[in-house]
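Engineer: I'd like to go over a predicted model; first the sequence, then the structure.
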Amino acid sequence: MNRRTMKTARLCAATAVVAFSAPLFAQGVADGTKVRILATGLGGGWLDGKVQMNKSSGCTMVVLDKKQPGGYTMVALNSVGKMERQEKGAWVEVAVKPLLAKEKKECREAAND
């Protein structure tokens, strides 16, 4: 490959990475970010988990570290009352409403799993 072809290939690869990760990065929470949440209907305490894009629905979910009563393993953003992410060993609040506003309509109305 010549140098121009290599540059074009790198540009295409970089564009693809940005395009697929844009929804989460635009929201300020990267896929795989460790978070803790207070969730509607799942007890009164903090639940630990990770932010993850659900591949089948395209919705951002919080995958819980431990299965909850009722068998829940994931929480939809619309059921998250409060979210915090770890940063330099401390918990930092993440505004949930702006995250939810950037999700597609089906995701804003999603149920927990």
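Structural biologist: Nice, thanks for sending it over.
Engineer: how many other residues sit next to residue 109?
Structural biologist: Taking other CB atoms under 10 Å as the neighbour definition, residue 109 ends up with a count of 11. Heads up, the C-betas are built off the backbone N, CA and C, glycines and all.
Engineer: tell me which element residue 107 is part of?
Structural biologist: In this structure, residue 107 sits in helix 105-108 according to DSSP states H and E.
Engineer: Could you pull up the mean pLDDT of that helix?
Structural biologist: For helix 105-108, the per-residue pLDDT values average out at 87.
Engineer: Am I right that residue 78 falls within a helix?
Structural biologist: Yes. With DSSP: H, G, I helix; E, B strand; the rest coil as the criterion, residue 78 is part of a helix.
Engineer: Hmm, it is touching residue 105, no?
Structural biologist: No. Using CB atoms under 8 Å as the test, residue 78 is too far from residue 105 to be in contact (11.0 Å).
Engineer: In terms of neighbours, single out the busier of these two.
Structural biologist: A side-by-side neighbour count of residue 78 and residue 105, using other CB under 10 Å, places residue 78 first with 16 against 7.
Engineer: Might you report the residue contacts of that one?
Structural biologist: Residues counted as contacts of residue 78 (CB atoms under 8 Å, 6 or more residues apart in numbering) are 100, 107-110.
Engineer: Tabulate these in CSV, adding columns for distance to residue 50.
Structural biologist: Conversion of the contacts of residue 78 to CSV gives the following (distance: CB to CB, whole Å):
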residue, distance to residue 50
100, 18
107, 17
108, 21
109, 22
110, 17
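Engineer: sorry, back to before: packing partners for the helix holding residue 107?
Structural biologist: Helix 105-108 is packed against no helix or strand, with contacts defined by 3 or more CB pairs under 8 Å, 6 or more residues apart in numbering; DSSP states H and E.
Engineer: so what pLDDT did residue 3 get?
Structural biologist: pLDDT, residue 3: 55.
Engineer: let me fix that: residue 19
Structural biologist: Model confidence at residue 19, given as pLDDT, is 40.
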